[in-house]
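Predicted model and sequence below, questions to follow.
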Amino acid sequence: MPEKRPLYGIICGYRHFTALAICISFFAIEGYLFSSVSGKTKYYLYKVHILIFVEVMFYQFSKLVWKELDKLCPEVFCAEKVWRGMVASFLFVAHLGPFCTFYMSKDPTMLGVMAWTSFAALLILSLSLGFFGALFRILNRCGMSGTAIAGICQGRLRSGICVLFTALYIWTGYLNATTPPVIIRASIPIAKLPASMNGTKIALLSDIHLGPTVGFSMMENAVKITNSIKPDIVVLAGDLTDGTVEELREAALPLKDLDAPSGSFFVTGNHEYYTSDVENWFEFLESVGFHILHNSNVKVHSKQNKKDWFCMLGVDDKEAQMMGIRYEGHGVDLKKAYSGCDDKHASILVAHQPNVAKEALDSQFPIQLVLSGHTHAGQFYPTALVVYLGNAYFYGLYQYDATSYVYVSQGVFYYGWPMRIGSHCEITEITLISS
C-alpha cells in the first residue's frame with residue numbers, strides 16, 4: 001500500500017506545476033481581466049496580482065534561506081531560539097515589502113524602508129547561496145568535490161560567507177542609494193541650434209519613483225539641487241510615481257518650486273501607466289507648471305531673439321499599449337509628436353525608454369538629441385546584466401551618427417529597493433552647443 005504523503009509534501013512535489021499555473025494565470029489575468037476594467041479597480045487588481053506573484057516566488061527563496069541559515073544556528077539551547085527568531089523576523093519583514101505599496105504617504109515610513117531593504121537582502125542572499133550551490137554541483141560533476149573550492153561551496157562555511165557578503169552588499173548599496181543625487185554634466189553639440197540659444201541648459205530628471213521608499217523630503221532636496229544648476233529648461237522623462245495622485249500628491253508638491261524660465265516638460269514612463277491614474281497626474285503636473293508632451297511638441301524660443309527656436313517633442317511610453325494596460329489614446333506616436341516641427345530647426349525628443357530612442361533615430365524624422373531614462377543603469381547587480389541586454393542604450397551619452405545623440409539618465413532616485421550598486425542617483429545638467 002503506497003505511503004500517504006502529507007499536504008506539504010504534495011505541494012512541494014507539484015511545485016513546478018504550481019509555478020507554471022501561476023505564470024499562466026498572470027498572463028490570463030493581464031490579458032483579459034485587466035483589459036476589461038479601469039481606474040482604481042485596475043490599479044488595485046494589478047497590485048494584488050503582483051503581490052501574489054512576488055510572494056509565491058520569494059517563498060521559495062525564504063525556504064532556501066531558512067534551511068541554510070539554520071546551519072549557522074548556535075548549538076546552545078537559548079541561543080538557538082534567539083537565532084531562529086532573528087531569522088524568522090528577517091524573513092517576515094522582507095515579505096512585508098510588497099505590502100507596503102498599499103500604504104504610501106507624504107514620506108516613507110521606517111517599516112516601509114526596512115521591509116524593502118530586507119526584501120533586497122533576501123534576494124541577494126538567495127542568489128549568492130544559489131550561485132555557490134550551482135558551483136558545487138559543477139565541481140562535483142567534474143570530479144573535483146574534494147577540492148578546497150568545493151569545501152567553500154557547501155555547509156556552514158558557504159552560509160557564513162553568503163551572509164557576510166549580503167550584509168556588506170546591502171549596506172554599501174543602501175548608503176549609495178540614499179546619498180543625494182550627484183550632478184552629471186554633459187555638453188552636446190546640436191546641429192541647427194540657433195547661435196542665440198548656444199549654452200541653453202537643460203536639467204534632465206528621470207525615474208524619481210515616488211512611492212513606499214521615496215517621498216517629500218527626497219523630492220524637496222532633488223528640486224533644490226536642480227535649481228542650483230539654474231537651468232533654462234527642466235525635462236522630467238517619466239517614472240515620476242508608483243502610486244496615484246490621491247496617494248502621493250503631497251510627496252510630489254516640491255515640483256512646484258522648480259525654476260525653469262523656458263519651461264518644464266513631462267513625458268510618461270511605464271510606471272505612470274501601472275497606476276491607471278495618468279490623466280490625474282497630467283492635471284496635477286500642469287497645476288505645478290509642467291507642459292505635458294503627450295505625443296506633442298512645444299517650440300522653445302530664444303530669450304534673445306524670439307524668432308529663433310527649437311522643437312521640444314515628447315512621446316508616451318510604449319507600455320501604454322502593453323497587454324493588460326492598453327491605456328486608451330496613449331502610446332508611442334512619433335509622427336503626431338513631430339507634427340509642426342521641421343528639418344530646418346533642431347529637434348529634441350523626450351522618450352522614457354532607450355529602445356524608443358533607438359526607434360526614433362532609425363525613423364525618417366530628423367532628431368538631433370533624445371533624452372531618456374528607464375534603465376537606472378541597472379540599479380544593482382545582477383539585474384544590471386538583464387537591463388544592459390534588454391536596452392539599446394544603457395546609461396550616459398551616446399553618439400548615434402554625425403549629428404544625433406542620445407542621453408540616458410541613471411535616474412534621480414531608485415525603484416522600490418533603496419539600493420544601488422554599480423550606479424548612482426543622478427540629476428543631469430545638459431548644455432546645448434550650437435554647431
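Yep, that arrived. Numbers count the residues shown, from 1 in each chain.

Now do the contacts for residue 130.
residue 64 (Cβ atoms under 8 Å, 6 or more residues apart in numbering). (Each C-beta comes from the backbone N, C-alpha and C, glycine too.)

any idea how far residue 162 is from it?
Applying Cβ to Cβ, to the nearest Å, the value for residue 130 to residue 162 is 9 Å.

do you know how far residue 236 is from residue 254?
From residue 236 over to residue 254 the distance is 12 Å, taken as Cβ to Cβ.

More neighbours: the two, which one.
Neighbour count, other Cβ atoms under 10 Å: between residue 236 and residue 254, residue 236 has more, with 29 against 19.

That one touches residue 265, doesn't it?
Yes. At 7.0 Å, residue 236 counts as touching residue 265 under the criterion of Cβ atoms under 8 Å.

Against residue 359, how distant is residue 315?
10 Å.

Which neighbours do those two have in common?
Listed as contacting both residue 315 and residue 359 by Cβ under 8 Å, 6+ apart are 332, 334.

These two: which is more packed in?
residue 315 (32 against 17).

Residue 297 falls within a helix, correct?
No. Counting by DSSP: H, G, I helix; E, B strand; the rest coil, residue 297 is not found in a helix; it is strand.

what pLDDT does it get?
Residue 297 is assigned 97 on the pLDDT scale.

Assess the claim that it and residue 342 are in contact.
No. Taking contacts as Cβ under 8 Å, residue 297 lies outside contact range of residue 342: 10.9 Å.

any common contacting residues for residue 236 and residue 265?
residue 290.

hmm, back to that, list residues touching both of residue 297 and residue 342?
Looking at what touches both residue 297 and residue 342 (by Cβ under 8 Å, 6+ apart), the common residues are residue 311.

Who has more neighbours out of these two?
residue 297 (23 against 10).

who does that one bridge with?
For residue 297, the beta-bridge partners are residue 313 (DSSP bridges).

Could you measure from it over to residue 400?
Distance from residue 297 to residue 400, by Cβ to Cβ: 20 Å.

With residue 177 instead?
Counting by Cβ to Cβ, the separation of residue 177 from residue 400 is 31 Å.

ok, now residue 47?
Taken as Cβ to Cβ, the span from residue 47 to residue 400 is 38 Å.

With residue 260 instead?
26 Å.

that older thread, neighbour count winner among residue 177 and residue 400?
Neighbour totals were compared for residue 177 and residue 400, and residue 177 leads with 23 against 19 (other Cβ under 10 Å).

Mind telling me what element that one is part of?
In the assignment (DSSP states H and E), residue 177 maps to helix 155-178.

Just the CA atoms of the next helix or strand after that helix, as CSV, please.
As assigned by DSSP H and E, the chain's next helix or strand after helix 155-178 is strand 182-190. Extracted C-alpha coordinates of strand 182-190, given in CSV (Å, rounded to 0.1, in the frame of the first residue of the first chain):
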residue,chain,number,x,y,z
VAL,A,182,25.0,63.9,-8.0
ILE,A,183,25.1,66.5,-10.8
ILE,A,184,26.4,64.9,-14.0
ARG,A,185,27.4,67.5,-16.7
ALA,A,186,27.3,66.9,-20.4
SER,A,187,27.9,69.4,-23.3
ILE,A,188,26.2,68.2,-26.5
PRO,A,189,26.6,69.8,-30.0
ILE,A,190,23.2,70.3,-31.6
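
Mind listing residues that contact strand 182-190?
Against strand 182-190 from outside (Cβ under 8 Å, 6+ apart): 225, 228-229, 310, 346, 348, 368-369, 397, 405, 407, 410, 424-435.

which one is residue 430 nearest to, not counting chain neighbours?
By the measure of Cβ to Cβ, 6 or more residues apart in numbering, the closest residue to residue 430 outside its immediate chain neighbours is residue 202, 4.4 Å from it.

Can you point out the buried residues in the helix or strand hosting that neighbour?
Assigned by DSSP H and E, residue 202 belongs to strand 201-205. Across strand 201-205, burial judged by 16 or more other Cβ atoms under 10 Å covers 201, 202, 203, 204, 205.

Might one say that residue 215 is in contact with residue 109?
No. Using Cβ under 8 Å, residue 215 makes no contact with residue 109, being 9.3 Å away.

Specify which residue of the two has the higher count of neighbours.
A direct count of neighbours by other Cβ under 10 Å for residue 215 and residue 109 places residue 215 higher, at 21 against 15.

Helices of the stretch 251-400 of the chain, start to end?
Taking DSSP state H, counting those that start in this stretch as the test, the helices found in the stretch 251-400 of the chain are 270-274, 278-287, 334-338, 354-362, 383-390.

pull the helix or strand with minimum mean pLDDT from the protein.
Ranked by mean pLDDT, DSSP states H and E, the helix or strand of the chain with the weakest confidence is helix 7-13, at a mean of 44.

who touches stretch 276-293?
The contact list for stretch 276-293 (Cβ under 8 Å, 6+ apart) reads 38-40, 42-43, 46, 236, 240-241, 244-246, 249, 252-253, 255-256, 258, 263-268, 272, 275, 294, 298, 312-315, 327, 330, 337, 350.

repeat for stretch 245-261
104-107, 203, 210-211, 214-216, 219-220, 222-223, 226-227, 230-234, 240-241, 264, 277, 280-281, 283-285, 288-290, 303.

Narrow those residues to just the buried residues.
The neighbour-count test (16+ other Cβ under 10 Å) marks 104, 106, 203, 210-211, 214-216, 219, 222-223, 226, 231-234, 240-241, 264, 277, 281, 284-285, 290 as buried among the contacts of stretch 245-261.

The residues you listed in strands, which ones?
203, 233, 234, 264, 290 (DSSP state E).

If the third one is in a bridge, with which residues?
Looking back up the chat, that one is residue 234. Bridge pairing for residue 234 - DSSP bridges - gives residue 203, residue 264.

In contact with it, which residues?
202, 203, 205, 226, 258, 260, 263, 264, 265 are the contacts of residue 234 under Cβ under 8 Å, 6+ apart.
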